[in-house]
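Asker: how would this look folded up:
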Amino acid sequence: MSVLAALLVAAASFLAASSLSRAAGSAGRSETAALRYLHRQLVTFQHTTWNWQRLMGAPRARTYGRVLYELSVADAQRAVSLWRRRANVARSRAQRPPHLHEWLCIHHFEGSWQDTTAPYYGGLQMDLTFQRHYGGWLLARKGTADHWTPLEQIWVAERAFRSGRGFFPWPNTARSCGLI
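Answerer: Okay, here's the model as predicted:
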């Protein structure tokens, strides 16, 4: 083989190796970008799930497995899919609180969902002590019950119901609804 031919073969192999390393580098960058995007989605679905679970008083879903930098893109996609399903299930369950009809009956005889008349707030007329005890994290985050969604107000009332108080914090309206 001539020197010229050897130089051409060496140059060709060098060019092939450098283009492969560039391709591998760009593939690594695109994989990293995909993992970052999937991580943002994963965190969003996890927090959505946990917020619904907190509202319902349900235990927080645990995370198992590896950290993101150990996951392949396919594994990260499966994790996002799992947490998307968990978020949808949690939201669906939260939309149907137990005793919903009873809470709506009590609300019918109480105030508007945005009622700001002190000392009782919201559609189920909760005082500040009640709000602190059964919905303290909502009180700290959003203020009094008149700033909460109707669903949040119902779940806080449901938490009081489950603690053993039943419908007795609303004696007159619960009696009008035939609940006590």
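Asker: can you tell me the closest non-neighbouring residue to residue 137?
Answerer: Sequence neighbours aside, residue 54 is the residue nearest to residue 137 in space, at 7.0 Å (criterion: CB to CB, 6 or more residues apart in numbering). Using the backbone N, CA and C atoms, a C-beta is placed for each residue, glycine as well.
Asker: try residue 50
Answerer: residue 60 is the one closest to residue 50 (CB to CB, 6+ apart), at 5.4 Å.
Asker: next one: the residue nearest to residue 137 from residue 142, what distance?
Answerer: Distance, residue 54 to residue 142, using CB to CB, to the nearest Å: 13 Å.
Asker: what's the local residue count around residue 136?
Answerer: Around residue 136 there are 11 other residues, counting by other CB atoms under 10 Å.
Asker: typed the wrong thing, it's residue 157
Answerer: Neighbours of residue 157 using other CB under 10 Å come to 28.
Asker: residue 140 now?
Answerer: Residues near residue 140, counting by other CB under 10 Å, number 9.
Asker: any idea how far the helix or strand harbouring it is from the middle of the chain?
Answerer: Taking DSSP states H and E as the criterion, residue 140 maps to helix 128-142. Computed by CA atoms, centre = their mean, to the nearest Å, the chain-centroid distance of helix 128-142 equals 19 Å.
Asker: pop out the phi and psi values for the residue lying closest to residue 83 once chain neighbours are set aside.
Answerer: Leaving aside its sequence neighbours, residue 83 sits nearest to residue 45 (CB to CB, 6+ apart; 3.7 Å). With angles defined as degrees, to the nearest 10, residue 45 sits at phi -70, psi -40.
Asker: give me the residue at the spatial middle of this protein.
Answerer: Centroid-nearest residue in the chain: residue 48, 1.0 Å away (criterion: CA atoms, centre = their mean).
Asker: follow-up on the earlier one: please save the CA atoms from the helix holding residue 140 in CSV.
Answerer: What follows is helix 128-142, C-alpha atoms only, in CSV (Å, rounded to 0.1, in the frame of the first residue of the first chain):
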residue,chain,number,x,y,z
LEU,A,128,-61.6,30.0,62.3
THR,A,129,-61.0,27.4,65.0
PHE,A,130,-62.7,24.7,62.9
GLN,A,131,-60.7,25.8,59.8
ARG,A,132,-57.4,25.7,61.8
HIS,A,133,-58.1,22.3,63.2
TYR,A,134,-59.4,20.5,60.1
GLY,A,135,-58.0,22.5,57.2
GLY,A,136,-55.0,24.3,58.6
TRP,A,137,-52.8,23.8,55.6
LEU,A,138,-55.6,25.4,53.4
LEU,A,139,-56.0,28.2,55.9
ALA,A,140,-52.3,28.9,55.8
ARG,A,141,-52.1,28.7,52.0
LYS,A,142,-55.4,30.3,50.8
